[in-house]
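Trainee: Sequence and computational prediction follow.
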Amino acid sequence: MSEEARFTPVEPLNLEGLDTDQAVLRVISYAASLRASDLFLNTEEASGTISLRHLGILKPVASVTRAEIIRYINHIKAMAGMPLDQKMRPADGRWVCTLEHGIKIDLRINTIPTLWGEDMAIRLLECEAGLLHLENLGFHRRVLDDLLLLLSSPAGLFLVTGPAGAGKTTTLYACLHYLNDGTRKINTIEDPVELVLPGIRQSEVRPKIDLDFPELLRSVLRQAPDVIMIGEIRDPVTAETAVHAANSGHLVFATLHAPVAAGAINSLLALGVNPHFLAASMLGALSQRLVRRLCDQCKVAYELTGAPHTFEEVRRWLEPGQGEHIYSAKGCPACHFEGFVGRTGVGEIIRVTREIRTLIFERRPLREIRQQAIRQGMLDLRRAALLKVAQGETSMEEVLRTIPAEHLLPEDTA
């Protein structure tokens, strides 16, 4: 989550005069140099476009001829062992690409047919990327302390929620890294495995041979693990089996899609999990987002003369001198004129107490569970985001871009 730049600044992407394999390596190197998460090659009616997702933002980087984009797509498919004659059906592949200085990039590739031809999406995973420590995820100390408390539990279910690209898997990897001290047997079930974790038994679902999350989870339980990480709970069978595992003495981590931490509870109930078993097994849930960090070299400070009480409700968590200004992005060579360098986590964590277990068992509305969590001291997404702004880590515009407005409104906890 706190993604420091490892690479030197790059020049604009230029593919002129390069043959196909050189051009493809240039494109991948360019994306890797910016630490882009995704790369897209799209076929148009009379041309081709190359774009990437950098710090969560989609950016076009090159326009090429239609013949060139087709050659690039076919070359990548060949390197990934994907059938070149399969253009009218979606396909998946993988290519571990070696760049300059021996840097290896694990490319997870998907193609789909479109009106004008094939489109290719590539997820870039750096093979040698180091695991983030929990302290470097970017969460406020209050959230981190609650997370560490939950990680000390011998058994139970802990969920990480948020939209796609919010850093959920990174957080789970950091949790497993923290627990991986040699005294626990840890198994993961992933789709796909995004990072090799030494000392941890990692398995990958394979839909083509009907090896899905439920099947793998049932098999992993027979491996006598202490800790299980499930890449995503997507169906009733996986949800029920995960809760059963947590109730039978395993520490279970999983991700699912829910807008706020308390929403994880509702999501499992909607999948048909018995509220009695869920209440008994649930340890807590973390909801997170990633916001871009302002570049320290060029960020601009503004006085809060028009709204002096903007940070009043988070004042007790601020250091002296913080919360006196609001900052915005400008852009300079150090940040490639983006105004931002890397991203950092914003999160809220709900710890399931006796009172919240009762609310789960009674199937009370999400609003009541969330209100109870705030009364118990939960630092919600709204205040966590305000703290990031007050501390000069990000801008208010970035918070509004990343977190839906409904989650930024004050909540009535009466």
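Mentor: Right, received. Where do you want to start?
Trainee: what does the domain assignment say about the chain?
Mentor: 20-126, 134-407 (automatic domain parsing).
Trainee: what pLDDT, on average, does the longest one get?
Mentor: Model confidence over domain 134-407, given as mean pLDDT, is 92.
Trainee: Where do the strands of the stretch 101-250 of the chain begin and end?
Mentor: All strands of the stretch 101-250 of the chain, identified by DSSP state E, counting those that start in this stretch, fall at 104-114, 117-126, 156-161, 186-190, 201-204, 227-230.
Trainee: With mean neighbour count as extra columns, can I get those strands in a markdown table?
Mentor: (C-beta placed from N, C-alpha, C; glycine too.) Putting the strands of the stretch 101-250 of the chain into a markdown table (neighbours: other C-beta atoms under 10 Å) gives the following:
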| stretch | mean neighbour count |
| --- | --- |
| strand 104-114 | 17 |
| strand 117-126 | 19 |
| strand 156-161 | 26 |
| strand 186-190 | 22 |
| strand 201-204 | 16 |
| strand 227-230 | 25 |
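Trainee: want to throw those strands into CSV with distance to residue 20?
Mentor: What follows is the strands of the stretch 101-250 of the chain, written out as CSV (distance: least, C-beta to C-beta, whole Å):
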stretch, distance to residue 20
strand 104-114, 16
strand 117-126, 14
strand 156-161, 40
strand 186-190, 32
strand 201-204, 30
strand 227-230, 39
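Trainee: what's the closest of the ones you listed to residue 47?
Mentor: strand 117-126 (11.0 Å; C-beta to C-beta).
Trainee: returning to what we had before: go through the domains of the chain and pick out the most buried.
Mentor: domain 134-407 (a mean of 18; mean count of other C-beta atoms under 10 Å).
Trainee: Would you mind giving the secondary structure of residue 84?
Mentor: Using DSSP: H, G, I helix; E, B strand; the rest coil, the structure places residue 84 in coil.
Trainee: Ok, residue 349 next?
Mentor: Assignment for residue 349 (three-state DSSP): strand.
Trainee: Could you list everything the closest residue to residue 108 other than its chain neighbours pairs with in the sheet?
Mentor: Sequence neighbours aside, residue 123 is the residue nearest to residue 108 in space, at 4.2 Å (criterion: C-beta to C-beta, 6 or more residues apart in numbering). Going by DSSP bridges, residue 123 is paired in beta bridges with residue 38, residue 108.
Trainee: now swap in residue 285 and tell me
Mentor: Counting by DSSP bridges, the residues bridging with residue 285 are residue 159, residue 350.
Trainee: if I look at it, how far off is residue 236?
Mentor: Residue 285 sits 19 Å away from residue 236, going by C-beta to C-beta, to the nearest Å.
Trainee: How about the contacts made by residue 390?
Mentor: By C-beta atoms under 8 Å, 6 or more residues apart in numbering, residue 390 lies in contact with 310, 311, 314, 318, 322, 323.
Trainee: Can you tell me which of those residues is nearest residue 364?
Mentor: Closest to residue 364, out of all of the contacts of residue 390 and judged by C-beta to C-beta, is residue 314, at 27.9 Å.
Trainee: mind putting the contacts of residue 390 in JSON lines, distance to residue 118 included?
Mentor: Output for the contacts of residue 390, formatted as JSON lines (distance: C-beta to C-beta, whole Å):
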{"residue": "310", "distance to residue 118": "49"}
{"residue": "311", "distance to residue 118": "50"}
{"residue": "314", "distance to residue 118": "49"}
{"residue": "318", "distance to residue 118": "51"}
{"residue": "322", "distance to residue 118": "50"}
{"residue": "323", "distance to residue 118": "51"}
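Trainee: which other residues reach the helix or strand where residue 372 lies?
Mentor: Using DSSP states H and E, residue 372 falls within helix 366-375. Contact with helix 366-375 is made by 260-263, 265-266, 350-351, 355-356, 359-360, 380, 411-413, as judged by C-beta under 8 Å, 6+ apart.
Trainee: Between those, which sits nearest residue 77?
Mentor: For the contacts of helix 366-375, the nearest to residue 77 is residue 263 (38.8 Å; C-beta to C-beta).
Trainee: Make sure the closest one is actually in contact with residue 161.
Mentor: Yes: the criterion here is C-beta atoms under 8 Å, and residue 263 meets it with residue 161 at 6.5 Å.
Trainee: shared neighbours, these two?
Mentor: Contacts common to residue 263 and residue 161, judged by C-beta under 8 Å, 6+ apart, are residue 287.
Trainee: still on that earlier bit, which one of the contacts of residue 390 is nearest to residue 30?
Mentor: When the contacts of residue 390 are compared against residue 30 (criterion: C-beta to C-beta), the nearest one is residue 322, at 37.1 Å.
Trainee: Am I right that the closest one is in a helix?
Mentor: No: using three-state DSSP, the assignment for residue 322 is coil, not a helix.
Trainee: was I right about it contacting residue 389?
Mentor: No: checked against C-beta under 8 Å, the pair residue 322 and residue 389 is beyond contact range at 10.2 Å.
Trainee: What sits closest to residue 337 if chain neighbours are left out?
Mentor: Using C-beta to C-beta, 6+ apart, the nearest residue to residue 337 is residue 331, at 3.9 Å.
Trainee: ok, now residue 276?
Mentor: residue 361 (6.0 Å).
Trainee: What residues does residue 61 make contact with?
Mentor: 12, 13, 30, 50, 51, 52.
Trainee: Taking those together, which two end up most distant?
Mentor: 12 and 51 (13.8 Å).
Trainee: picking up where we left off before, next one: the residue nearest to residue 108 from residue 237, what distance?
Mentor: Taking C-beta to C-beta, one finds residue 123 at 26 Å from residue 237.
Trainee: Residue 210 now?
Mentor: Counting by C-beta to C-beta - residue 210 and residue 237 are separated by 13 Å.
Trainee: so how far is the first residue of stretch 324-333 from its last?
Mentor: 27 Å (C-alpha to C-alpha, to the nearest Å).
Trainee: From here on, call the first residue 23.
Mentor: Renumbered: residue one is now 23, and that last one reads stretch 346-355.
Trainee: so how far is it off the chain centroid?
Mentor: 25 Å (C-alpha atoms, centre = their mean, to the nearest Å).
Trainee: which residues are contacting that stretch?
Mentor: 31, 316-317, 319-326, 332, 359-362, 411, 414, 416-420.
Trainee: Among these, which lie within helices?
Mentor: 411, 418, 419, 420 (DSSP state H).
Trainee: Next up, the contacts around the first one.
Mentor: For residue 411, the contact set (C-beta under 8 Å, 6+ apart) comprises 333, 348, 349, 417, 418, 421.
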